[in-house]
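*Asks:* prediction below, plus the sequence it came from.
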Amino acid sequence: MSENARTPLADRVDPVRDWSARRTYRSGDFRAEDLVAAKAGRRVSVVLPARNEESTVGVIVAALHSELVERVPLVDEVVVIDSHSADRTADVARAAGARVVAQGDVLPALGDVPGKGEALWKSLAATDGEFVAFLDSDLRDFDPAFAVGLLGPLLTDPGVVFSKGAYERPLDDGRTVLPAGGGRVTELVARPLLATHWPALAGFVQPLAGEYAGTRRALESIPFAGAYGVDIGILVDLFESFGLDALAQVDLGRRTHRHSPDSALAVMAMHQHLAILSRLRRHGRAPDTHAPGDTLTLHRRDPVGGGFHAETVDVSPGERPPMREMRAQLRAGS
Ligand SMILES: O=c1ccn([C@@H]2O[C@H](COP(=O)(O)OP(=O)(O)O)[C@@H](O)[C@H]2O)c(=O)[nH]1
Ligand SMILES: O=C(O)[C@@H](COP(=O)(O)O)O[C@H]1O[C@H](CO)[C@@H](O)[C@H](O)[C@H]1O
C-alpha cells in the first residue's frame, strides 16, 4: 500500500490540488501593456474558427482589433478560419479587421475535412505567431481580457506551454439565461472521461473550453483530433508530452455562447469518446482489437406512423498528424 494510501485523505499530497493552486491564474493578473514588454518582439496570433457565426464574429474581431492590435500592440494578427460557412461570416469578419482564410484553401493538397479540428489544425499553417490563441466565434459577451488572460502565463513563464480558459457557463435556453448549466458535454462526458483515464487533469475547470493558447512549438508537436474531439485531444496530448506543470488555466469569469441542440451534442459527445480512445490506444492503455463505431443512430417518435424514426449519422472525425511532421514531409516533397 502506498504511503499516500496510508495517510488520511485530508493529509494526503494531492497533486491536482497543488497544481490548481500553482497554475490557476486570473485574467486580471495581467495587463496588455505589460505583456507587450514581456512579448519582447515575439509574434502573437489569435485564431477564431468560425462556421456560420455572422451574428457574433464581427463584434469579437472588432474588440480584439481595436483593443489588442491598435491600442495596445499585443496581438500581431487576428485570423478567422472560415470553416465552410453558409452565411456572411467571412465578409463580417473581414470588415471588422480580421484576415479571413477559407479552411479549404489551406494546404489544399492535403484535402479538407469538415469540423473544428481541421479548422484549428490548418490555422497553424495559416498563421506565424510564436504564440497562438484560439477563441470561439460564437461568444456573446466577449472581452479582450479573455485573450490577455490566456496569453499572460505563456508570455511571463517560460515553463508554461499552454493555458486554458476557466469560467462559469450560464445556459441560455432561448427563453431565459440560467446562471449555470452550460457545458453539457463537459459535465456529462468529458469530465467523467478524464476522471476515468486522466485523473491528473481533474483540476481543469473547463476541459472543453474553446478559449486556449499555446506556444507554436508545443501545438505543432501533437496531432489534432478531428471535429469536436480537438479540444480534449490537445489537452491530453500536451499533458502527456510536457507534463501537468507546463499547463495552466486562467479564470476568465463568465462565458456565454450559442448552444447546440441535444442531437448535435450527442455527436459531439461521441467525438470526445473517439478522441480519448485514440489516445488510450496510442499510450498502450486500450486494446487495438476492433475498429470503433463510426456512426450514431438517433431515434425520435414518428408522428405519422406512431413508431420511431431512426436517423443514422456518420461520426468519423479523423485526426491530423503533428503539423511539424507535415511541414517536414512537405519540405521533403513526399
Ligand atoms: O465545423 C466546425 C464547427 C465549429 N466551428 C467553430 O468552433 C467553435 C466551437 O463550435 P460550436 O460553437 O459549434 O461548439 P459549442 O461551443 O457549441 O460546443 C465555434 O467558433 C464554431 O464556429 C468550426 O470552425 N468548424
Ligand atoms: O463544453 C461543452 O459541453 C460544449 C457545449 O456547451 P453548451 O452545453 O452548449 O454550453 O462546448 C464546448 O465543447 C466543444 C467541444 O470540445 C468545444 O469545441 C467548444 O468550444 C466548447 O464550447
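*Replies:* Yes, it's here. Ligands and ions are numbered 1, 2, ... in the order given.

*Asks:* give the buried residues for stretch 60-71.
*Replies:* Residues of stretch 60-71 classed as buried under the neighbour-count rule (16 or more other CB atoms under 10 Å) are 60-65, 67-69. Heads up, the C-betas are built off the backbone N, CA and C, glycines and all.

*Asks:* what sits up against it?
*Replies:* For stretch 60-71, contacts defined as CB atoms under 8 Å, 6 or more residues apart in numbering pick out 32, 46, 48, 74-76, 78, 80, 93, 96-98, 135, 137, 139, 142-144, 147-148.

*Asks:* and it, how far out from the chain middle?
*Replies:* How far stretch 60-71 lies from its chain's middle: 21 Å, per CA atoms, centre = their mean, to the nearest Å.

*Asks:* state the mean pLDDT of that stretch.
*Replies:* Averaging pLDDT along stretch 60-71 gives 98.

*Asks:* from start to finish, how long is it in a straight line?
*Replies:* The first residue of stretch 60-71 is 15 Å away from its last residue (CA to CA, to the nearest Å).

*Asks:* try stretch 288-297
*Replies:* 24 Å.

*Asks:* I'd like to know how many residues surround residue 124.
*Replies:* Residue 124 sits with 24 neighbouring residues when counted by other CB atoms under 10 Å.

*Asks:* who are the neighbours in contact with residue 312?
*Replies:* Here residue 312 is in contact with 295-298 (criterion: CB under 8 Å, 6+ apart).

*Asks:* most neighbours, which of those residues?
*Replies:* Neighbour max across the contacts of residue 312 (other CB under 10 Å) = residue 296, 15 neighbours.

*Asks:* beta partners for that one?
*Replies:* Note on residue 296: beta-bridge partners residue 313, judged by DSSP bridges.

*Asks:* include secondary structure and distance to residue 19 when you put the buried residues of stretch 60-71 into a markdown table, please.
*Replies:* Converted to a markdown table, the buried residues of stretch 60-71 look like this (DSSP: H, G, I helix; E, B strand; the rest coil; distance: CB to CB, whole Å):
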| residue | secondary structure | distance to residue 19 |
| --- | --- | --- |
| 60 | helix | 30 |
| 61 | helix | 34 |
| 62 | helix | 36 |
| 63 | helix | 31 |
| 64 | helix | 30 |
| 65 | helix | 35 |
| 67 | helix | 31 |
| 68 | helix | 29 |
| 69 | helix | 33 |
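
*Asks:* show me which of the residues you listed is closest to residue 202.
*Replies:* The nearest member of those to residue 202, counting by CB to CB, is residue 60 at 30.3 Å.

*Asks:* looks to me like residue 164 is in a helix.
*Replies:* No: counting by DSSP: H, G, I helix; E, B strand; the rest coil, residue 164 falls outside a helix, being strand.

*Asks:* sort out which residues of the longest helix along the chain are buried, please.
*Replies:* Determined from DSSP state H, the single longest helix within the chain is helix 262-282. By 16+ other CB under 10 Å, the buried positions in helix 262-282 come out as 265-280.

*Asks:* ok, which residues in the stretch 201-334 of the chain are in contact with ligand 1?
*Replies:* Selection of the stretch 201-334 of the chain residues close to ligand 1 by CB under 6 Å from any ligand atom yields 210, 257-258, 260.

*Asks:* so which of these belong to helices?
*Replies:* With helices defined by DSSP H, no entry of those lies inside them.

*Asks:* out of the residues you listed, which are close to ligand 2?
*Replies:* The residues of these that also fall near ligand 2, by CB under 6 Å from any ligand atom, are 210, 257, 260.

*Asks:* can stretch 59-67 be said to contact ligand 2?
*Replies:* No: judged by CB under 6 Å from any ligand atom, stretch 59-67 and ligand 2 are separated, with a smallest distance of 13.3 Å.

*Asks:* for residue 143, which residues are in contact?
*Replies:* 63, 252-253.

*Asks:* and the gap between it and ligand 1?
*Replies:* 16 Å (CB to the nearest ligand atom, to the nearest Å).

*Asks:* that residue: what secondary structure?
*Replies:* Once three-state DSSP is applied, residue 143 turns out coil.

*Asks:* okay, it: pLDDT?
*Replies:* Looking at residue 143, its pLDDT reads 97.

*Asks:* and it, backbone torsions?
*Replies:* Backbone torsions of residue 143, given as degrees, to the nearest 10, read phi -130, psi 130.

*Asks:* look up how far residue 63 lies from it.
*Replies:* According to CB to CB, to the nearest Å, residue 143 stands 7 Å off from residue 63.

*Asks:* what's around the closest residue to ligand 2 within the chain, how many residues?
*Replies:* Residue of the chain nearest ligand 2, by CB to the nearest ligand atom: residue 210 (2.3 Å). Counted with other CB under 10 Å, residues neighbouring residue 210 total 22.

*Asks:* spit out the contact partners of it.
*Replies:* Residues in contact with residue 210, defined by CB under 8 Å, 6+ apart, are 49, 134-136, 165, 231.

*Asks:* ligand 2 contacts on the chain?
*Replies:* 116, 136, 169, 182-186, 208, 210, 228, 231, 257, 259-260, 268.

*Asks:* that'll do, ta.
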